[in-house]
Structures are given as C-alpha cells and as structure tokens.
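Asks: Please find the sequence and the predicted model below.
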Amino acid sequence: PLCGVMLNDYGRNEFYLRALQAAMPACQGCTVLDVGAGSGLLSIMAARLGAKNVIAIEANPDLAQLARRTIERNELEANVTVFASLSSQVEADLFPEGQRADLLVTETFGTMLLGEGSMNFVPDARDRLLKEGGTIIPAGGCQYATLVEVPEMMPVWSPAGWGGFNLSRLEVLQDTVYWKAMVGANSLEYVRLSDRICVLEVDLYRDTMESVPKNRTFRLQAKRKGTVHAVLFDWDIWVDRERSQVLSTEPGSRNFAGDVAWGWLLQLQEVAGQDWKLGQHPSQLLVEADDWLELGVEYIAKGISMHARVRPVEASEGSVVQEGAMPQVGSPPRIHTVDRRGMKEANEFFLPVAGDTERHDFYAAALKDAVKQLKPKSSPATLLDLSGNAGVPAFLAAKELGMKSM
C-alpha cells in the first residue's frame, strides 16, 4: 500500500524526473544504477530518457517482482535488469557489459532522512558499483528539527482530568526519549517556537556511516512565547551540490499522498536539567521570546533514529554547534524501568484514551443510562470495567453512582 501511495506523490516524482532529465543528456548510452528500486518507477524514467542499461536493485522480492512486471508492461525489459537482492550483495561484473554504472539514483529515505538505512548501503554502492566521478541523485540532504507548540495534541499526550477526576498522574507514562508520533496528512496546527535548523547534513558523494557523530548540541533562541511541546523532525534532499532543486517533507510542502507516505515525526519534550537528565515527573518547558535554549541531539544507529532534548541556558556563549558535548545520560527510571513494549502501548493507546474526552462522555452517558434500567436490588450494583478507558468508568461508577467497581 505504501508503494502505491508514493506513486501518487507527484512532487516526489517530478523532483526525480527533473533531476534525471537534467543529468541524462550528458549520459546518453550510459548505465544507471537504481538502489532501492521499489516499484521500478525511477528505473523506467531513466530508460525512457536514454539510458542504455538500467540496473534496478530491490531487496524486497515481492517489490522486485512487481518492478519486473511493471517494466515489462512498459516494454523496457531489454534495457532494465532487476536484481532481487541487497545492493551490498551485488557485484558490478554482473551488470550488462560488466562495468560500473555512470549514474546512481536512489529514493531510500523514510520519515527520518536516514530512517531506511540509506547510509548503510548507498556509500557501499557508490564506492563499488559507481564509476569514479559518476553522478549521484540526490547529491545530499539534511535532517531538520524545529521546536513546536501543538496545543491540540496536548490533552491527548498529557491528560489533566475529566469530570472532576484528576488524571495528571498518568503523565509519568510519557516517553519523551524513545517514542515518537508519526503525523501527516492532517490539519494539526503547529506553532513554531524556533527556527528550523539542520541537525544532520549528509553528502552522498563523500559521507559514510562513520561521518555521523554520536551527538551534537545546538544553541538557538525562542522566536515567541509558548510551551515547547515537541521537536518536529522533517528533511530536505537536493539534486546536486548547488541545490538547484530541493525536495522537502516540511509540513505544507507535500500533497496528501506525500504526507501519508513520509509524514514527519514529533518527539515529546520536557525540561532537561543542566546535566541533560530528565526528571521523575515530566515538566513542561515554558519559553519567552528571545530566550536562549540548547537542543541536544543523539544520533541512534548512525542516524537511523534521533533522540532530542532541550534545556534552558543563559545568553549564548561559545560555539553555537558542538559535537560530542552531550553526555550519555540515558532515560529516567520512569521510562527505563518499564518494559519498552508497555511504554509504547501507553503512549500510542493508554495516554490518548485517557485524554479522549468524547470517549469519556460516551461511556459516562451509557453507564448512567444502564444504571437507570437496572431493577432495584437489595445490594448496590457492581461494575465490571473492561473498557480500557483509563479507569474513568470505574471512577464515575464509584463516585457518582455509589457502585462497586472492578
């Protein structure tokens, strides 16, 4: 399904089509290498634009078969060879004419720029399967981060209460380290509290996995008053080093299909201490315009994922960007002492349910209506609550209806 959605991301398709149109006049009769070919769309583009040979490498055997059928349907099987394999397991002597490719094209980027592991295999393909001086599309990209306020989402992430019941203790389930919300194709309003800053730039002509640091810190100023609810992650890629064309996942830059296919990530935030540690209970970070802040970013698995945290600092002094300055402080006990799957379920289900006031209203009305229909009994009725509704029906039954609850 995701592959089909991406085919309808016209901005993405146009970006790669224009890039290949610009590169192919100098590459007539050449060999093009498509790493992570997926449906084969980029391979078809290259073949139609004049490539003599196109090598489409796709690790997923089902997608590789789909690519073959699509290529055959477009009558290009004589020009395009599909390998159902990891690119690291393919040798150049298997290519038509047994020579390296002249141009490498790849669209192996996830919701996070390096989320599909492109730095694990693109440098290898570049060094072994591409001729020296060959062209790479895209030439590079950058992972961006922005501090944002998201008022509409906070009752879901941080349920304060409902119907007079205090639910704030549930905030200890917030995972502000590992869990991230993937969002896209929605009407959520984000208030940007900082500039959109590049936290990791990648040059696909030069970089390797070893180019990704363990962490970096960034000094930045708040642009307006607000609450730093989250860090928003999105990215840009560019067709060449001059950045003559840019493809972005910044909110508002994609069509519906692009938002569904890529989206962007929100990582919840709380105040980090001066030692970068998080507390036993999350505290919101309130900022005023022009306040100085420090954003620390850890690059997990060579940039496949990232963890960010923010702390207030005094007026900026010293370097704006520092590499390796953030100690490995880990997560607070409230997070690392709980099973990771349990924390994931809490953040994806339990906390949103606890903050869903419409759901609470529905169950409250249904419960009250059911109690009215019960025949009078000598003993109080008992509620068996299997709703998974943060305990609210049980609380309501006990407090307002005089019922025992289980």
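Replies: Happy to help now that I have it.

Asks: What segments of this protein are helices?
Replies: Secondary structure of the chain (DSSP state H): helices located at 2-7, 10-23, 41-48, 61-73, 118-129, 154-157, 256-261, 333-336, 340-345, 351-354, 357-373, 392-400.

Asks: Save those as TSV, and put in distance to Thr382 and mean neighbour count too.
Replies: C-beta coordinates here come from the backbone N, C-alpha and C atoms, glycine included. As requested, those are exported to TSV (distance: least, Cβ to Cβ, whole Å; neighbours: other Cβ atoms under 10 Å):
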stretch	distance to Thr382	mean neighbour count
helix 2-7	47	14
helix 10-23	57	18
helix 41-48	60	24
helix 61-73	52	16
helix 118-129	57	20
helix 154-157	31	18
helix 256-261	45	19
helix 333-336	33	15
helix 340-345	28	13
helix 351-354	23	22
helix 357-373	11	13
helix 392-400	9	19
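
Asks: any chance of these in TSV, with distance to Leu104 and mean pLDDT too?
Replies: TSV is the format used below for these (distance: least, Cβ to Cβ, whole Å; pLDDT from 0 to 100):
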stretch	distance to Leu104	mean pLDDT
helix 2-7	20	54
helix 10-23	11	92
helix 41-48	11	95
helix 61-73	17	94
helix 118-129	6	96
helix 154-157	41	71
helix 256-261	22	67
helix 333-336	40	77
helix 340-345	36	77
helix 351-354	42	79
helix 357-373	50	84
helix 392-400	55	82
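
Asks: Mind checking those helices for the one nearest to Thr227?
Replies: Nearest to Thr227 among the helices of the chain is helix 154-157 (8.0 Å), distances taken as Cβ to Cβ.

Asks: residues making contact with the closest one?
Replies: Gln174, Thr227, His229, Leu268, Asn347, Leu351, Pro352, Gly355, Asp356, Thr357 (Cβ atoms under 8 Å, 6 or more residues apart in numbering).

Asks: For the nearest residue to the last one once chain neighbours are set aside, name its beta-bridge partners.
Replies: Yep, that's Thr357 we're talking about. Closest residue to Thr357 apart from its sequence neighbours, by Cβ to Cβ, 6 or more residues apart in numbering: Trp162 at 5.7 Å. Counting by DSSP bridges, Trp162 forms beta bridges with Phe165.

Asks: Just list the residues touching Trp162, thanks.
Replies: Thr357, His360, Val392.

Asks: any low-confidence regions in this structure?
Replies: Applying pLDDT under 70 to the chain picks out residues 1-8, 156, 185-186, 255-258, 260-261, 316-319, 375-380, 388-389.

Asks: Go again with 50.
Replies: 1-2 (pLDDT under 50).

Asks: show me what contacts the nearest residue to Ala160 once chain neighbours are set aside?
Replies: In space, and not counting its chain neighbours, Ala160 is closest to Ser168: 5.4 Å by Cβ to Cβ, 6+ apart. Counting by Cβ under 8 Å, 6+ apart, Ser168 makes contact with Ser158, Pro159, Ala160, Gly161.

Asks: Now render the residues you listed as TSV, adding neighbour count.
Replies: Listed next are these as TSV, based on neighbours: other Cβ atoms under 10 Å:
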residue	neighbour count
Ser158	20
Pro159	27
Ala160	14
Gly161	15
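
Asks: out of those residues, which one sits closest to Gly273?
Replies: Ser158 (19.6 Å).

Asks: Please tell me I have it right and that closest one contacts Gly355.
Replies: Yes. Ser158 is within contact range of Gly355, at 7.3 Å (criterion: Cβ atoms under 8 Å).

Asks: any idea how far the residue nearest to Ala160 lies from Glu91?
Replies: 60 Å (Cβ to Cβ, to the nearest Å).

Asks: likewise Glu75?
Replies: Going from Glu75 to Glu91 by Cβ to Cβ gives 28 Å.

Asks: what's the answer for Tyr363, then?
Replies: From Tyr363 to Glu91 the distance is 62 Å (Cβ to Cβ).

Asks: Apart from its neighbours in sequence, what residue is nearest Gly140?
Replies: Per Cβ to Cβ, 6+ apart, closest to Gly140 is Asp203, 4.5 Å.

Asks: Quick check: that neighbour vs Pro123, distance?
Replies: Counting by Cβ to Cβ, the separation of Asp203 from Pro123 is 10 Å.

Asks: hang on, the earlier thing: columns distance to Arg18 on top of the contacts of Trp162, output as CSV?
Replies: Putting those into CSV (distance: Cβ to Cβ, whole Å) gives the following:
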residue, distance to Arg18
Thr357, 47
His360, 51
Val392, 54
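
Asks: which among those residues gets closest to Lys404?
Replies: Val392 (16.1 Å).

Asks: List the beta-bridge partners for Gly141.
Replies: Under DSSP bridges, the beta-bridge partners of Gly141 are Val202, Ile237.

Asks: What's the local residue count around it?
Replies: 24 (other Cβ atoms under 10 Å).

Asks: Show the contacting residues for it.
Replies: Gly141 touches Phe109, Leu113, Glu201, Val202, Leu204, Trp235, Asp236, Ile237, Trp238, counting by Cβ under 8 Å, 6+ apart.

Asks: now with 6 Å?
Replies: Leu113, Val202, Trp235, Asp236, Ile237 (Cβ atoms under 6 Å, 6 or more residues apart in numbering).

Asks: Spatially, which two of these are the most separated?
Replies: Checking the contacts of Gly141 with Cβ to Cβ, the most distant pair is Val202 and Asp236, at 10.6 Å.

Asks: Looking at those two, which has the bigger crowd around it?
Replies: Applying other Cβ under 10 Å to Val202 and Asp236 shows that Val202 carries more neighbours, namely 24 against 21.

Asks: Could you verify my assumption that that one touches Gly140?
Replies: Yes. Between Val202 and Gly140 there is a contact under Cβ atoms under 6 Å: 5.3 Å.
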